[in-house]
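*Asks:* sequence and predicted structure, then a few things I'm wondering about:
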Amino acid sequence: MFVIYALVDPRDHKEFYVGRTEDLYKRFMQHLRCEGANDAKNARVQELKLLHLLPIMKTLELIQDSAQAAQREAYWIHHFRYLKVSLVNDVIYQQQEEVTQRSERPAPHRSRSRVKTHTQGKTDEEHLLG
């Protein structure tokens, strides 16, 4: 069973992070220890801890299948974006989306390397390789 969850700031009761896990307690403890590479999320948790507060871990959805859990996590992130909620995991997802968009673009046409030279009848690549 996978849990799609949100970390909520107890000061304003707004979600600031969306995630998924199979072990809610273990994942909550990882967040409290600021494990992981999400510096923005870790800074928010540290800020709360300095104020003697803890984030609230709110269950959004329970999902049986791993692939569906990943899709539902993405759904919730987009849902909160639509509502103009600022999520700290936006940075990570924006970077992933940019990489995906770049990989989906066709490669630029390199006609220069395929042009035959007049003197030797080879492409520029063939000429450079000998």
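*Replies:* Everything's here; your move.

*Asks:* give the buried residues for the lengthiest helix in the chain.
*Replies:* If each helix of the chain is counted by residues according to DSSP state H, the longest one is helix 66-82. Buried residues in helix 66-82, counted by 16 or more other Cβ atoms under 10 Å: 69, 72, 73, 76, 77, 80. From N, CA and C alone the C-beta is placed, and that goes for glycine too.

*Asks:* ok, and the closest non-adjacent residue to the third one?
*Replies:* Okay, so that is residue 73. Excluding its sequence neighbours, the residue lying closest to residue 73 (Cβ to Cβ, 6 or more residues apart in numbering) is residue 20, at 4.5 Å.

*Asks:* so that neighbour: helix, strand or coil?
*Replies:* Here residue 20 takes the strand state, with states given by DSSP: H, G, I helix; E, B strand; the rest coil.

*Asks:* what count of nearby residues applies to residue 4?
*Replies:* Residues near residue 4, counting by other Cβ atoms under 10 Å, number 23.

*Asks:* does it sit in a helix or strand, and which one?
*Replies:* Per DSSP states H and E, residue 4 falls inside strand 2-9.

*Asks:* how close does residue 22 get to residue 53?
*Replies:* Shown here: residue 22 relative to residue 53, a distance of 27 Å by Cβ to Cβ, to the nearest Å.

*Asks:* what does stretch 18-29 rub up against?
*Replies:* For stretch 18-29, the surrounding residues in contact (Cβ atoms under 8 Å, 6 or more residues apart in numbering) are 1-7, 57, 59-60, 63, 69-70, 72-73, 76-77, 80, 87, 89.
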